[in-house]
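[1] here's a sequence, model it:
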Amino acid sequence: MAETTMPPSAITSGVPLPARRVPHIPIFALGMSLSTFFIVTYVLCIVFDLWFPEFAMNPVWSPLLPGFTWLTWSSFFLGLAEATSYGWYIALVFGPLHNFFISRYR
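    Next up, the predicted model:
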């Protein structure tokens, strides 16, 4: 009886493992969530300053929100726009950096 030999490439053993996807941060979701978080925080701070003027934080905001003055409608909306832009700035810088380094790590 003749033995048949199989090439090593045809021999498989065990159960093949599924390929794991490298986790990444979706940039759009990160930008929307950070912007929403900063907007909610900004509005809560405005409300806090209006309710408790003796503990007002608005002098701190001048360096953080360029052009913000206490409190006019145009300044309020400028603060909203700046809070949104800060959220998107962080998302557009941090998200790709995280995705790049996590793909290199795996």
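
[2] what about Gly14, distance to Arg20?
    Gly14 sits 17 Å away from Arg20 when distances are taken as Cβ to Cβ, to the nearest Å. Bear in mind the C-beta positions are built from the backbone N, C-alpha and C, glycine included.

[3] ok, now Leu78?
    Counting by Cβ to Cβ, the gap from Leu78 to Arg20 is 45 Å.

[4] what does Ile90 give?
    Using Cβ to Cβ, Ile90 is found at 27 Å from Arg20.

[5] quick one: which of those two has more around it?
    Ile90 (15 against 7; other Cβ atoms under 10 Å).

[6] in terms of pLDDT, where does the more buried one sit?
    Ile90 carries a pLDDT value of 97.

[7] elements contacting the helix or strand it falls within?
    According to DSSP states H and E, Ile90 maps onto helix 73-105. Judged by 3 or more Cβ pairs under 8 Å, 6 or more residues apart in numbering; DSSP states H and E, helix 73-105 is in contact with helix 27-51.

[8] point out where this protein drops to low pLDDT.
    Applying pLDDT under 70 to the chain picks out residues 1-13, 17, 19, 22, 106.

[9] one more time with 90, if that's ok
    Within the chain, the stretches with pLDDT under 90 are 1-24, 55-65, 67-71, 102-106.

[10] with adjacent residues omitted, what lies nearest to the residue positioned nearest the centre of it?
    Centroid check for the chain by Cα atoms, centre = their mean gives Leu30 as the closest residue, at 3.4 Å. Spatial nearest neighbour of Leu30, excluding adjacent residues (Cβ to Cβ, 6 or more residues apart in numbering): Ala91 at 4.2 Å.

[11] and the one you found, what does it touch?
    Ala91 makes contacts with 27, 30-31, 34-35, as judged by Cβ atoms under 8 Å, 6 or more residues apart in numbering.

[12] quick check: it vs Leu64, distance?
    According to Cβ to Cβ, Ala91 and Leu64 sit 18 Å apart.
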